[in-house]
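> For reference, the sequence and a predicted model appear below.
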Amino acid sequence: MTDLDALLALATDTAREAGELVRNRRDAVTRMRVTATKSTPTDIVTESDTAAEALIRDRLLSARPDDAVLGEEGGASAGESGIRWVVDPIDGTVNYLYGIPQYAVSIAAQQQDGDIVVGVVHNPVSRETWTAIRGGGAYLDGDRVHEAGCTELDLALVATGFGYDAARRQRQAAILAGILPSIRDIRRAGAASLDLCAVATGQVDAYYERGLAPWDLAAGGLIAEEAGAVVAGLRGAPAGSDLVIAAGPALFGALHDLLEPFRPDRDV
Ligand code: LIP
């Protein structure tokens with residue numbers, strides 16, 4: 001087993017264990033108690049987010065004590081091994097709060113050069129697990145997956161999402177109104193990591209969103225790339241908080257050029 005295989009096995013087991021914790025806590029409570037909010041009153045944290053990240057940190061660092069961790073809820077902890085785990089304990093927290101079965105545990109391993117080399121996205125409700133090792137392809141429950149291969153923008157089903165800030169949401173809605181007549185339709189599922197896995201699996205043809213955090217993007221972005229998609233920002237920029245566009249190579253340019261005039265990588 002290579003080091004990357006070992007990292008993938010650890011991340012997969014950990015994501016599934018955290019997923020069971022998250023699932024069982026959700027089953028127990030009709031409406032989760034919101035324990036904190038972040039950027040806005042709708043940007044929520046539940047006790048499950050915190051508990052799941054604590055479990056993930058414990059399992060990863062028990063196995064690899066010299067690794068670093070960057071988590072949505074617990075922030076950054078240093079390490080000396082050269083590997084940093086990038087963790088979203090519940091991506092799609094609002095879906096989780098409402099009991100909508102579209103949320104995920106996302107765990108990625110990042111090298112010192114910044115490359116994401118291992119990614120796992122696990123949906124605790126469906127118990128589907130997407131995995132990828134850089135250069136090794138993308139898999140859903142062990143079966144190889146590949147982006148849809150759509151070539152026509154007007155036939156493209158495009159996933160997107162919106163930020164928590166009202167002014168950003170207004171601008172994102174205006175951009176969406178501008179592009180909607182030129183594509184098949186949109187889907188707004190509410191979890192970036194699963195949107196990126198949907199691109200990888202061909203369940204949507206493309207995805208774009210502004211404002212993703214590193215933990216939203218890390219694992220799903222690798223999985224989409226390993227499924228043959230292009231994952232990038234505008235005008236050659238890397239995918240990041242300014243903008244993520246993920247689409248097959250036959251569609252990426254057309255979607256990029258449709259979006260670009262609206263400057264979706266800016267708030268004004
Ligand atoms: C969510 C993202 C989603 C975005 C939501 C939210 P969270 O992350 O995965 O793509 O549209 O506004 O940011 O907050 O549930 O971890």
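The structure has been received and is ready for your questions.
> Quick one: residues contacting the residue in the chain that the ligand sits nearest to.
Residue nearest to the ligand within the chain: Gly161 (2.4 Å; CB to the nearest ligand atom). C-beta here means a position set from N, CA and C on the backbone, and glycine is covered the same way. Contacts for Gly161 (CB atoms under 8 Å, 6 or more residues apart in numbering) come out as 188-190, 192, 195, 209.
> again with Ile186
Ile186 neighbours (CB under 8 Å, 6+ apart): 157-160, 176, 180.
> now with 7 Å?
Applying CB atoms under 7 Å, 6 or more residues apart in numbering to Ile186 gives the contacts 158-160, 176, 180.
> now Asn95
Applying CB under 7 Å, 6+ apart, we find Asn95 in contact with 102-103, 190-191.
> Can you pick out the most distant pair from those?
Tyr103 and Gly190 (7.7 Å; CB to CB).
> what helix or strand does the residue nearest to the spatial centre of the chain sit in?
Central residue of the chain (CA atoms, centre = their mean): Ser193, 2.0 Å from the mean position. When elements are assigned from DSSP states H and E, Ser193 belongs to helix 192-201.
> Now that helix: buried residues?
Applying a neighbour-count criterion of 16 or more other CB atoms under 10 Å, the buried positions in helix 192-201 are 192-201.
> So which of the residues you listed reach the ligand?
Ala192 (CB under 6 Å from any ligand atom).
> Include pLDDT when you put the buried residues of helix 192-201 into TSV, please.
Compiled in TSV, the buried residues of helix 192-201 are given as follows (pLDDT from 0 to 100):
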residue	pLDDT
Ala192	98
Ser193	98
Leu194	98
Asp195	98
Leu196	98
Cys197	98
Ala198	98
Val199	98
Ala200	98
Thr201	98
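> Including distance to Lys38, could the buried residues of helix 192-201 go into CSV?
CSV is the format used below for the buried residues of helix 192-201 (distance: CB to CB, whole Å):
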residue, distance to Lys38
Ala192, 16
Ser193, 18
Leu194, 20
Asp195, 20
Leu196, 22
Cys197, 24
Ala198, 25
Val199, 27
Ala200, 28
Thr201, 30
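> on that earlier part again, quick check: of the contacts of Ile186, which has the highest neighbour count?
Highest neighbour count within those: Val158, with 29 neighbours (other CB atoms under 10 Å).
> Contacts only, for that residue.
Contacts for Val158 (CB under 7 Å, 6+ apart) come out as 183, 186, 204-208.
> This completes my enquiry, with thanks.
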